[in-house]
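Trainee: Requesting a structural model of the entry that follows:
(one chain, ligands or ions: 1)
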Amino acid sequence: MTNKLVVANFKMSMDTSDVNNYLKDIATLDNKNVVICPTSIYLPYFLKKKFEVGLQNVYKEDLGAYTGEISPKQAYSIGVRYVILGHSERRQYFKETNEFVNEKIKACLKNNLKVILCIGETKEERDLLKTKRILKKQIVSCLKDLKSIQNVVIAYEPIWSIGTNITPTNAEIEDAITFIKDVVWELFEAKIKVLYGGSVNENNIKSLNSINNVDGFLVGGASTNYSKFKKIIKEVTE
Ligand code: PGA
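Mentor: Residues are numbered from 1 along each chain as shown. Just a heads-up that it's a prediction; the model follows:
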């Protein structure tokens, strides 16, 4: 057994019948290093099981008149323990900034939720050799003024690798993760888990899991098919 985390991000995939089938498939899943983040309306179906449950986003306030939003306080009270924040799809389609993500991280930590902060560069930024500059800016801005980062996990997700079936080389991932850990150490003198995300699947997991400093994976597409996701869990956590 290792301490690596495997996080499933279902995004907005699966309807009710898909969810019911998936629940049958995971009935025997007994692993607290697995975090399932379903679409929020389906979240109650996944609670009170032998794995952890997370949200894909929350708002920054505890309670109030914010139509359509879910608060960290509400999330914690129903049994959620993890929240994905700063995912590139939220940044791209919902115009979330590092500053907004920072406010949401603070709200989550205040409510005892663990945060999975997503950072990563675009293809263009990578081609311009700006990857490290972008990663550092995201880390510095998103973690600004935090007193403790004990409950923060970072997921390195190169945007060009999400849903594309293209991944960086293992050496590139290792280099980025080392850089992220170094920046965090410089800022907080603390160690955190850094996951890799972007086109992780049942075929490449063995190789990706051999990367020296990777502490787990954030899995999108492949997590919605349990036979694939099961292979990933097995490779990483057993
Ligand atoms: P993917 O998504 O595994 O489908 O590339 C990863 C993510 O968006 O977190």
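Trainee: confidence score at M1?
Mentor: Looking at M1, its pLDDT reads 56.
Trainee: where does this structure dip in pLDDT?
Mentor: For the chain, the stretches flagged by pLDDT under 70 are 1.
Trainee: Could I get the contacting residues of V7?
Mentor: Contacts for V7 (Cβ atoms under 8 Å, 6 or more residues apart in numbering) come out as 34-35, 37, 54, 82, 84, 116, 155, 195, 197, 216-219. Any C-beta I mention is one placed from the backbone N, CA and C, and that applies to glycine too.
Trainee: can you confirm it is in a strand?
Mentor: Yes. Under DSSP: H, G, I helix; E, B strand; the rest coil, V7 sits within a strand.
Trainee: residue boundaries of the strands in this protein?
Mentor: Using DSSP state E, the strands found in the chain span residues 5-9, 34-37, 52-55, 82-85, 114-119, 152-156, 194-197, 216-219.
Trainee: Can you name the residue of this protein nearest the ligand?
Mentor: G220 (2.2 Å; Cβ to the nearest ligand atom).
Trainee: give me every residue that touches the nearest residue to that residue once chain neighbours are set aside.
Mentor: Using Cβ to Cβ, 6 or more residues apart in numbering and skipping residues adjacent in sequence, the residue nearest G220 is N9, 5.0 Å away. Going by Cβ under 8 Å, 6+ apart, N9 touches 37, 56, 84, 87, 197, 218-220, 223.
Trainee: again with Y82
Mentor: Counting by Cβ under 8 Å, 6+ apart, Y82 has contacts 7, 35, 37, 52-55, 113-116.
Trainee: which residues does it bridge with?
Mentor: G54, K114 (DSSP bridges).
Trainee: where's it relative to L117, distance?
Mentor: 11 Å (Cβ to Cβ, to the nearest Å).
Trainee: again, but for W185
Mentor: From W185 to L117 the distance is 16 Å (Cβ to Cβ).
Trainee: higher neighbour count, those two?
Mentor: Applying other Cβ atoms under 10 Å to W185 and L117 shows that L117 carries more neighbours, namely 26 against 12.
Trainee: Residues of the chain that sit close to the ligand?
Mentor: The chain comes close to the ligand at residues 9, 157, 162-163, 197-200, 218-222, as judged by Cβ under 6 Å from any ligand atom.
Trainee: of those, closest to N3?
Mentor: Lowest distance from N3 to these (Cβ to Cβ) belongs to L218, with 15.9 Å.
Trainee: neighbours of the residue lying closest to the closest one once chain neighbours are set aside, just the number please.
Mentor: Nearest in space to L218, with sequence neighbours left out and distances taken as Cβ to Cβ, 6+ apart, is G197 at 3.3 Å. The criterion is other Cβ under 10 Å. On that basis, G197 has 25 neighbouring residues.
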